[in-house]
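[1] need coordinates for the following:
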Amino acid sequence: MKIQPIHTEADYDKALANIERLWGSKQGTSNGDRLDVLLVLVEDYESKHHRVDPPDPIEAIKFRMEQMNLTRKDLEPLIGTRGRVTEVINRRRPLSLAMIRKLHAGLRIPLESLIQDSTLGANSRLSPTGDSTRNS
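    Alright, predicted model coming up:
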């Protein structure tokens with residue numbers, strides 16, 4: 001097997017097939033070395049051509065809640081009162097820096113996800129102080 005740079009999707013598919021064939025090869029062997037090189041090449045190609053953006057912060061919170069079998073009440077120590085949790089989950093209030101820090105520390109949600117913009121609901125607006133209010 002000749003190892004070469006990955007320039008096209010066809011090259012990428014071929015590299016993935018070779019990785020599958022070599023998977024489980026012992027380190028330090030010629031097949032193990034080929035596997036290591038292919039993994040680096042594929043990772044580089046994927047980072048440039050198959051980039052995955054971090055999820056929306058609210059979707060990240062909901063996903064973690066599902067993973068950990070949490071309820072909205074479980075979020076109160078991290079976000080605030082029951083009403084505040086509801087506002088955040090329903091996209092009527094953005095996450096504050098303090099909430100982001102607590103969610104990251106408490107639920108291990110990556111900061112890259114929590115700092116993304118989350119679209120607020122159509123009936124919401126931010127006041128000059130950064131608070132979310134309902135439009136009447």
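[2] so how far is the top helix by length along the chain off the chain centroid?
    For the chain, the longest helix by residue count, based on DSSP state H, is helix 30-49. Averaging C-alpha positions (C-alpha atoms, centre = their mean, to the nearest Å) puts helix 30-49 22 Å from its chain's average.
[3] run through who's touching it.
    1, 3, 5-6, 11-12, 15-16, 18-19, 22-23, 25-27 (C-beta atoms under 8 Å, 6 or more residues apart in numbering). Every residue, glycine included, has its C-beta placed from N, CA and C.
[4] and that helix, which residues are buried?
    R34, L35, L38, L41, V42, Y45 (16 or more other C-beta atoms under 10 Å).
[5] format the CA atom coordinates belonging to it as PDB.
    Extracted C-alpha coordinates of helix 30-49, given in PDB (Å, rounded to 0.1, in the frame of the first residue of the first chain):
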ATOM      1  CA  SER A  30       4.800  -1.800   9.400                       C
ATOM      2  CA  ASN A  31       1.000  -2.000   9.300                       C
ATOM      3  CA  GLY A  32       0.700  -0.200  12.600                       C
ATOM      4  CA  ASP A  33       2.900   2.600  11.300                       C
ATOM      5  CA  ARG A  34       0.700   2.800   8.100                       C
ATOM      6  CA  LEU A  35      -2.400   3.000  10.300                       C
ATOM      7  CA  ASP A  36      -0.900   5.900  12.300                       C
ATOM      8  CA  VAL A  37       0.000   7.900   9.200                       C
ATOM      9  CA  LEU A  38      -3.400   7.300   7.600                       C
ATOM     10  CA  LEU A  39      -5.100   8.400  10.800                       C
ATOM     11  CA  VAL A  40      -3.200  11.700  10.800                       C
ATOM     12  CA  LEU A  41      -3.900  12.300   7.100                       C
ATOM     13  CA  VAL A  42      -7.600  11.600   7.500                       C
ATOM     14  CA  GLU A  43      -7.900  13.800  10.600                       C
ATOM     15  CA  ASP A  44      -6.200  16.700   8.700                       C
ATOM     16  CA  TYR A  45      -8.500  16.200   5.700                       C
ATOM     17  CA  GLU A  46     -11.600  16.000   7.900                       C
ATOM     18  CA  SER A  47     -10.600  19.200   9.800                       C
ATOM     19  CA  LYS A  48     -10.500  21.100   6.500                       C
ATOM     20  CA  HIS A  49     -13.400  19.500   4.600                       C
END
